[in-house]
Structures are given as C-alpha cells and as structure tokens.
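*Asks:* Sequence first, predicted coordinates after that:
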Amino acid sequence: MFTPTEEVILDCALAFDATYAPHAAVVMSTVAAQMPTEPLRFWLVADGVTEQTRATLIRAARHATVTFLTVGPPPIRLPGSREPHLSYLSAAMYLRLLIPHALPPGVDRLLYLDSDVLCTGSLAPLRDVDLGGTPVGAVRDAFTRRLIDNGGLPGIYGYRDLDAQAPYLNSGVLLIDVPRWRELEVTAAALDYIARHGHEARFPDQDALNHAVYGRWTRLPKRWNHMMAWRLDPSVGGSITDASIIHFAGPVKPWHPTFPDGVFRQLYLRHRRRTELVAARAR
C-alpha cells in the first residue's frame with residue numbers, strides 16, 4: 001500500500017522534444033496554477049531543446065522546482081507508427097518508458113503527463129491512490145478500449161498469449177510506483193516488445209506498455225485522463241469540473257487552427273500567452 005511521505009510532494013514528469021516544448025510549458029503552467037500552494041516537482045526529459053527553452057520551462061513551472069533528466073540511448077531502434085494518421089508522433093514518445101530509471105533515490109511515486117494535456121483541477125488526490133502492488137495506474141483508452149480493438153495489439157497471440165478482451169490503457173497519464181516498476185522490469189519488457197513488434201506498431205509506446213504491464217495495472221477514473229473533452233465543453237451542456245486532466249489525443253491539438261474555439265482552446269491559449277510572456281522577459 002502506498003504511504004505518502006511527510007513532505008507530500010507531487011512529482012510530475014514530462015518527456016518531449018523541441019517541437020513539443022512550448023506545449024509542455026503550457027502543461028506545467030496549468031498544473032502549477034491548479035496547485036498554487038502545493039509542493040511540486042517537475043522532472044523533464046527535454047530532447048534537443050536550447051538553454052533558452054530550458055529557462056522558459058523553469059519559469060513556466062511557477063513555484064515548482066524543475067530538474068532536467070538525462071536518459072541513455074535505448075539499445076534498440078525505435079520505429080514510428082504504422083498508421084499514416086499518426087505520423088505526427090515522434091521518437092520522443094518512447095522517452096516515458098525510460099524515466100523511472102533516470103530518477104534519483106527518494107522519488108517513489110511519479111505522475112507522468114503527456115505534452116498535449118491540460119490540468120483543470122488539483123492533482124493532489126493522486127498522491128494517495130493505492131496501486132495495490134501494481135507498477136502503474138492509468139485510464140482505459142476512450143477509443144481503443146480492448147486489446148483487440150483497432151486491428152488488435154500486435155503480438156497478442158504471439159510468444160505470450162493475452163486475453164483479447166482485456167482493457168487497453170492510455171499512456172498519456174501514468175501514475176507510476178517507481179520501485180515496483182523497476183522491480184518488475186517494465187522498461188525492459190516494453191523495449192523487448194518493441195524489438196519484436198515495433199514494425200507492426202499502431203500506437204508504439206502505448207502498445208509496448210500495455211503488453212509489459214498486462215494484468216498488473218490499476219485502472220483510474222477517467223477524470224484523470226479525459227479524452228473526450230468535447231463532452232465537457234459548457235457549450236454542449238458539460239462541465240469542466242468533471243475532469244482534472246483533459247487529454248487531446250489525436251492529430252488535432254488546441255494549438256491547431258482547426259481545433260474548436262471553445263473553453264479548452266481558450267484555456268490553452270491563455271497559458272500559452274503566459275509562457276510566451278515569461279520567455280520574452282527572460283531574453
């Protein structure tokens with residue numbers, strides 16, 4: 001059972017490349033805004049960003065501390081998705097699999113966040129979630145709900161038989177028990193899967209993680225990774241308070257001109273303007 005430390009620090013991690021750095025800054029800004037008095041730490045794997053961008057990321061975190069992590073190169077080739085509509089994904093998506101081994105001692109619970117999410121409520125309750133001895137807590141994917149969906153998880157009937165009807169997790173938000181992740185060698189299992197089935201990948205890092213933690217992950221309520229934001233927009237009768245993390249899964253993001261101009265786009269743009277102002281002041 002997870003027992004929070006006396007410091008009750010919330011440790012969050014993001015992994016991204018230079019293209020997604022401005023959006024990662026927005027994520028950090030929204031988290032810090034929702035937890036203005038909470039002790040926060042951000043652990044960042046920022047691939048290929050400049051020192052100026054690093055300074056912007058630090059300032060975007062407001063009162064939180066920021067540490068940049070260095071991860072070693074993976075021992076295998078990391079392919080992109082086989083799906084043409086997912087060509088926007090970069091190799092940076094795999095970095096989340098390497099973070100638990102890059103953390104210093106004492107960071108036992110970690111909340112990983114994708115760079116296309118927005119925080120709309122306090123994340124403090126996640127510190128106390130009992131993961132029941134599993135290495136990770138996650139939300140079931142809203143669009144690929146079972147391992148068999150969307151063509152099926154590559155290798156599902158291969159060297160390790162899985163239940164095709166089992167739920168499929170979304171890797172955009174992960175609550176990680178770091179010691180348990182290491183003990184069960186989740187990273188190694190995921191990389192082994194990629195080496196075997198990467199050429200068939202639909203959702204590359206996500207397929208690998210689903211395979212690696214099959215039967216040993218804790219399902220979290222969808223409020224912690226809500227992938228159907230349009231249902232929450234007040235313009236259609238929803239309520240933004242029904243979720244604490246909004247995830248814009250898919251190729252159309254809030255920074256794209258074709259994204260609907262509703263409450264979530266405005267929230268993104270408000271924090272984007274703040275981080276750009278912070279960047280301008282830092283120059």
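*Replies:* Structure received. Predicted model only: the values in this text are computed from it and were never measured. Residues are numbered from 1 along each chain as shown.

*Asks:* and the helix or strand hosting residue 268, what does it pack onto?
*Replies:* In this assignment (DSSP states H and E), residue 268 forms part of helix 263-282. Contact partners of helix 263-282 among helices and strands, from 3 or more Cβ pairs under 8 Å, 6 or more residues apart in numbering; DSSP states H and E: helix 21-34, helix 51-60, strand 117-119. Using the backbone N, CA and C atoms, a C-beta is placed for each residue, glycine as well.

*Asks:* how about these, which one is nearest residue 256?
*Replies:* Residue 256 lies closest, by Cβ to Cβ, to one member of the helices and strands packed on helix 263-282: helix 21-34, at 11.1 Å.

*Asks:* Can you spell out which helices and strands pack onto the closest one?
*Replies:* strand 10-17, strand 40-47, helix 51-60, strand 117-119, helix 263-282.

*Asks:* Output those in CSV, with mean pLDDT and mean neighbour count appended to each entry.
*Replies:* Below are the helices and strands packed on helix 21-34 laid out as CSV (pLDDT from 0 to 100; neighbours: other Cβ atoms under 10 Å):
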stretch, mean pLDDT, mean neighbour count
strand 10-17, 95, 24
strand 40-47, 95, 21
helix 51-60, 94, 18
strand 117-119, 97, 25
helix 263-282, 86, 16
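
*Asks:* Put together TSV for those, with distance to residue 94 on each row.
*Replies:* As requested, the helices and strands packed on helix 21-34 are exported to TSV (distance: least, Cβ to Cβ, whole Å):
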stretch	distance to residue 94
strand 10-17	8
strand 40-47	10
helix 51-60	20
strand 117-119	18
helix 263-282	25
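
*Asks:* At which residues are the strands of the stretch 51-200 of the chain located?
*Replies:* For the stretch 51-200 of the chain, applying DSSP state E, counting those that start in this stretch gives strands covering 65-68, 109-113, 117-119, 136-140, 169-177.

*Asks:* Pull the first one out as PDB, backbone CA atoms only.
*Replies:* What that stands for is strand 65-68. Extracted in PDB, the C-alpha atoms of strand 65-68 (Å, rounded to 0.1, in the frame of the first residue of the first chain):
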ATOM      1  CA  THR A  65      11.100  23.100  -8.900                       C
ATOM      2  CA  VAL A  66      12.300  21.800 -12.200                       C
ATOM      3  CA  THR A  67      15.000  19.200 -12.800                       C
ATOM      4  CA  PHE A  68      16.200  18.100 -16.300                       C
END
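
*Asks:* What residues sit buried inside that strand?
*Replies:* By neighbour count on 16 or more other Cβ atoms under 10 Å, the buried set for strand 65-68 is residue 66.

*Asks:* returning to what we had before: quick one, which of the strands of the stretch 51-200 of the chain gets closest to residue 260.
*Replies:* So among those, strand 117-119 is nearest, using Cβ to Cβ, at 14.1 Å.

*Asks:* That closest one - which strands sit beside it in the sheet, and in what orientation?
*Replies:* Note on strand 117-119: by DSSP bridges, its sheet partners are strand 245-247 (antiparallel).

*Asks:* Need the residues that contact the strand it pairs with.
*Replies:* The contact list for strand 245-247, computed with Cβ atoms under 8 Å, 6 or more residues apart in numbering, reads 113-114, 116-121, 123, 170, 172-173, 223-227, 229, 232, 264.

*Asks:* next one: stretch 213-226
*Replies:* Residues outside stretch 213-226 that contact it (Cβ under 8 Å, 6+ apart) are 117, 121, 126, 129, 131-132, 134-140, 142, 160, 162, 166-167, 169-170, 172-173, 175, 184, 186, 232, 242-247.
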